[in-house]
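Asker: Could you work out the structure for the sequence below:
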Amino acid sequence: MNFFEHQDRARQNTQQLIGLFSLSIAVMIMAIYIATLFLFRMAPRVWWHPGLFLYVAGITIIAIAVGSLYKIACLRQGGSVIAQELGGRLLLPDMADEQGRQLLNIVEEMAIASGISVPEVYLLDRETSINAFAAGFTPNDAVIGVTRGTLQHLNRDELQGVIGHDIQSYSQWRYAAKFAFGGTVTWDFVHLFNWRIALAYSWDFPRR
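Answerer: Next comes the predicted model:
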């Protein structure tokens, strides 16, 4: 599977994530609606009450919206918030190992080639899967996050392809929309489906 096929697969996975998000809202509304029927001792005599259903759905959607806006406001601090929540540590040249220095060099090369400022890089040491992401509302506060598994299993050319894709994405401000969506998902799933799921959907390279 080549780089462009991985891009197509990532887009398909994003669509699946959106579908799961929509399904979670529907399931949440139905669960609260049924619980309300039992609370008011309407069930099992009455299973469908349009007025009550609309009331429950409205309250649930408002609660999700308020919680999402709060989470989005927190995420506006920048991409470093996401990287740190995932367990990432800021990668510094004087404290990095050989793999880390190679990663920093690649990020710098790709950023210069794209004509943008060099972003901060976070390394997720505990993640053995092959994943990478860019996060930030604007190119000025965006960061690159890379798992340890990515450094261990990809060669330099493959790593350049991954970093180049992420830098291109955030340089076009595409991650601002993903941040907003991520804030909603994080609140709605109450951290059951959190940013680790979003990270897992970003890249899924086969290990060699």
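Asker: Assign I144 to helix, strand or coil.
Answerer: strand (DSSP: H, G, I helix; E, B strand; the rest coil).
Asker: tell me the mean pLDDT for the lengthiest helix in the chain?
Answerer: The single longest helix within the chain, with elements called by DSSP state H, is helix 3-39. Regarding helix 3-39, the rounded mean pLDDT is 80.
Asker: Buried residues in the following helix or strand past it, which are they?
Answerer: Sequence-wise, the next helix or strand downstream of helix 3-39 (DSSP states H and E) is helix 50-75. Neighbour-count burial for helix 50-75, with 16 or more other C-beta atoms under 10 Å as criterion, is recorded at 53, 56-57, 60, 64, 67-68, 71-72, 75. Every C-beta, even on glycine, is put in place using the N, C-alpha and C of the backbone.
Asker: packing partners for the longest helix of the chain?
Answerer: helix 50-75, helix 156-171, helix 174-188, helix 195-202 (3 or more C-beta pairs under 8 Å, 6 or more residues apart in numbering; DSSP states H and E).
Asker: Going by distance to L17, which of the buried residues of helix 50-75 wins?
Answerer: The closest of the buried residues of helix 50-75 to L17 turns out to be S68 (C-beta to C-beta; 15.2 Å).
Asker: so which one among the buried residues of helix 50-75 has the lowest pLDDT?
Answerer: L75 (68).
Asker: for the protein, what are the low-confidence residue spans?
Answerer: 1-11, 13-14, 75, 139, 169-208 (pLDDT under 70).
Asker: So what does the residue lying farthest from the centre of it look like in phi/psi?
Answerer: Using C-alpha atoms, centre = their mean, the residue of the chain lying farthest from its centre is R45. It sits 43.2 Å away. With angles defined as degrees, to the nearest 10, R45 sits at phi -70, psi -40.
Asker: can you check E120 too?
Answerer: Here is the backbone geometry of E120 (degrees, to the nearest 10): phi -70, psi 150.
Asker: and it, what is it in contact with?
Answerer: With contacts taken as C-beta atoms under 8 Å, 6 or more residues apart in numbering, E120 has the following neighbours: 79-80, 90-91, 143-144.
Asker: That one bridge partners, please.
Answerer: Beta-bridge pairing for E120 (DSSP bridges): V143.
Asker: who are the neighbours in contact with the nearest residue to V46 once chain neighbours are set aside?
Answerer: In space, and not counting its chain neighbours, V46 is closest to L37: 6.8 Å by C-beta to C-beta, 6 or more residues apart in numbering. Applying C-beta under 8 Å, 6+ apart, we find L37 in contact with 43, 46-47, 49, 52.
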